[in-house]
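J.: I'll drop the sequence and a predicted model, then ask my questions.
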Protein chains: 2
Amino acid sequence: MKVTVAIDCMGGDHGPHVTVPAAIECLRRDPELSVVLVGRQETISAELAKLQAIPDSRCRVQHASEVVTMDEPPALALRNKKDSSMRVAVNLVKSGAADACVSAGNTGALMAISRFVLKTLPGIERPAIASVLPTLKGRTYVLDLGANVDCTAEHLLQFAIMGSVLVSTVEGKPRPTVGLLNIGHEAIKGNEVVKKAAELLRTSGLNFYGNVEGDDIYKGTTDIVVCDGFVGNVALKTSEGLAQVLATFLREEFTRNVFRRLIGLIALPVINAFKRRVDHRQYNGASFLGLRGIVVKSHGSADALAFEHAIRRAVDEVRGGTSKHTAERLGELFPQQVREGVA
Amino acid sequence: MKVTVAIDCMGGDHGPHVTVPAAIECLRRDPELSVVLVGRQETISAELAKLQAIPDSRCRVQHASEVVTMDEPPALALRNKKDSSMRVAVNLVKSGAADACVSAGNTGALMAISRFVLKTLPGIERPAIASVLPTLKGRTYVLDLGANVDCTAEHLLQFAIMGSVLVSTVEGKPRPTVGLLNIGHEAIKGNEVVKKAAELLRTSGLNFYGNVEGDDIYKGTTDIVVCDGFVGNVALKTSEGLAQVLATFLREEFTRNVFRRLIGLIALPVINAFKRRVDHRQYNGASFLGLRGIVVKSHGSADALAFEHAIRRAVDEVRGGTSKHTAERLGELFPQQVREGVA
């Protein structure tokens, strides 16, 4: 299936140094992929020249004169930067010139622009951010990861629906299990929002497992873990912090003296196999769900390999029909809202 | 300084098999420590006999006929089990026969009983659970870890005060830094409760650093991280889950074939040094703060070494005068409430 992805080449900590080589590598690997490289024409052309790549029908450059900075308030980026690479890339999805858009830029601005330009699906009040994490059993999708603080029970239900469709379309699991993140497995645990969300989930027709706790994310107890964006963001960033401190301690122990360094050299193939297995770059690419179009957010600090994974995630979502299937599932669950939303 | 600790010997997954040997080991290491072993007389005596230990003035056995089970609703444990080992141990703190109490039992029941028997300090509406975590720079205290869901900004301020006193008394840092857990460093981020808490903290006289994110916990950005109990509990359990999955992956890589196993043998001293460094048992022992007495909760699955650390945490709090200093600090900050509370 042919897929076109619009790439915000200017976003992220490294901009075109990372985004352009990643796009070229994806084109090389996937002959049915086309990309639109969005950003400052001369900068992108220079990067392409470095890679000895020439724009053609599969690799088009779209000039955009402005750049949204990483610390720019989302509302200002939305109002003032109509010709930013981010905005133009999202516009390409809206116009149908691209099937999806990928950016490593300012998360808040990307969400604000995506929501304004693409609009939410009928039945969805708030888009959510979903990411995939490695677990003992495979992979688990967690959402929301920070788009929404102060969620209601209804929002959590909508996240569960969007997550279920994402996993069924991208991972090919027809009835993925949904866990509700809580501070205990018992139904009496948690705050009022979570208790009410559990009731809604029980009668939702989704494959609801029940409450899960923080450690269940990495145990892989369920395919999807649903939570408020505040909690999800803290859980994700705490994980990043812990992984970093453990990696640092491991390195320190293997370099403490000459003898230890020698052991480190001998163990290097094993350590590298371990590193590859937990390499967060292969999980890069958070999906913005609930929009009338596919938007994937890469980590701002992504390198080319990580950014490639974000592009591939967008391609998988297009090929799986995530956005279309979410709309259909919402139509089954909330026929009235969806009719009103469409009308 | 002489210290007496009441030990709920029946609590936790392993009961007296773990609690009694841990207590005896602590007595051996600390000549100024005395313990009261609370629980079924015959069971405790049998454990003591196994260890060839004889009750004496430093090691007294206090019979308690009932046991609070791990899954018992806290309200029922509080109402119906007046002669549980947990209740009797907390009663010993109330009567002054012990300076602190340690239990590996049901967290909710221990909190309910502690609160009912000991009462909160004047100026404190809700006790909090604080634990210490290893970081790149040393140690960070995090609270609340699950005693309170749905916190107000005032509760978060109270947690910050309690955490500050704990760290200054136990770690000997006169003005420990306080971070407020949020989903961004900027003041505009987060939900309403967190924004208001930041305002209160800014004018509190505490050494307030500002907002911190999940990864700052393990970076050791601040000495204390304050958060709602729901968020704190998820962060802690997510960390436990991630640590387990990384340990499993590392073990799997080192045992994948005979050659890898050989490398594993060679690297064993380094791996063991790493394991010792991140061994969660040395961080066992969560402090219940804000009570008129010292209560420490051990992890339910603690082994004897982990339980020893929980006992030592209680001893450190007694010697540091945590409870007394918290009351004084609250008196300075909220003179009116404290006068009314004392009256």
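T.: Nice, thanks for sending it over.

J.: Return the backbone torsion pair for A:Pro122.
T.: Phi and psi for A:Pro122, reported as degrees, to the nearest 10, are phi -60, psi 130.

J.: Burial check on it, number of neighbours?
T.: Residues near A:Pro122, counting by other CB atoms under 10 Å in any protein chain shown, number 18. Placement of C-beta: from N, CA and C, glycine included.

J.: try A:Val117
T.: Neighbours of A:Val117 (other CB under 10 Å): 21.

J.: I would like the residues contacting the host helix or strand of it, please.
T.: Assigned by DSSP states H and E, A:Val117 belongs to helix A:107-118. Residues external to helix A:107-118 that are found in contact with it (CB atoms under 8 Å, 6 or more residues apart in numbering or on different chains): A:8, A:11, A:68, A:72-75, A:77-78, A:86-87, A:90-91, A:93-94, A:101, A:103, A:127, A:129, A:146-147, A:288, A:291-293, A:295, A:297, A:300.

J.: does A:Ser103 really touch A:Lys297, like I thought?
T.: Yes: assessed by CB atoms under 8 Å, A:Ser103 is found in contact with A:Lys297 at 6.2 Å.

J.: Can you measure across stretch A:273-284, start residue to end residue?
T.: End-to-end span of stretch A:273-284 (CA to CA, to the nearest Å): 19 Å.

J.: and it, which residues are buried?
T.: Using 16 or more other CB atoms under 10 Å in any protein chain shown as the burial criterion, the residues of stretch A:273-284 that qualify are A:273-274, A:278, A:280-284.

J.: and what of stretch A:74-81?
T.: A:74, A:77-78, A:81.

J.: So which helix or strand of chain A has the lowest pLDDT on average?
T.: When each helix and strand of chain A is scored by mean pLDDT, DSSP states H and E, helix A:335-342 comes last, with a mean of 54.

J.: rewinding a little: dump the helix holding A:Val117 to PDB, keeping only the CA atoms.
T.: Taking Å, rounded to 0.1, in the frame of the first residue of the first chain, the C-alpha atoms of helix A:107-118 are listed here in PDB:
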ATOM      1  CA  THR A 107       4.600  18.600  21.900                       C
ATOM      2  CA  GLY A 108       2.100  21.100  23.100                       C
ATOM      3  CA  ALA A 109       2.300  23.100  19.900                       C
ATOM      4  CA  LEU A 110       2.000  20.000  17.700                       C
ATOM      5  CA  MET A 111      -1.100  18.900  19.700                       C
ATOM      6  CA  ALA A 112      -2.700  22.400  19.500                       C
ATOM      7  CA  ILE A 113      -2.000  22.700  15.800                       C
ATOM      8  CA  SER A 114      -3.200  19.100  15.000                       C
ATOM      9  CA  ARG A 115      -6.400  19.700  17.000                       C
ATOM     10  CA  PHE A 116      -7.100  23.000  15.400                       C
ATOM     11  CA  VAL A 117      -6.300  21.900  11.800                       C
ATOM     12  CA  LEU A 118      -7.500  18.300  11.800                       C
END
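
J.: in that helix, what counts as buried?
T.: Quick answer for helix A:107-118 (16+ other CB under 10 Å): A:107-115, A:117-118.

J.: Include pLDDT when you put these into CSV, please.
T.: Output for those, formatted as CSV (pLDDT from 0 to 100):
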residue, pLDDT
A:Thr107, 92
A:Gly108, 91
A:Ala109, 95
A:Leu110, 96
A:Met111, 95
A:Ala112, 95
A:Ile113, 97
A:Ser114, 97
A:Arg115, 95
A:Val117, 97
A:Leu118, 96
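
J.: and of the residues you listed, the nearest to A:Glu213?
T.: Using CB to CB, A:Thr107 comes nearest to A:Glu213 of the buried residues of helix A:107-118, at 26.5 Å.
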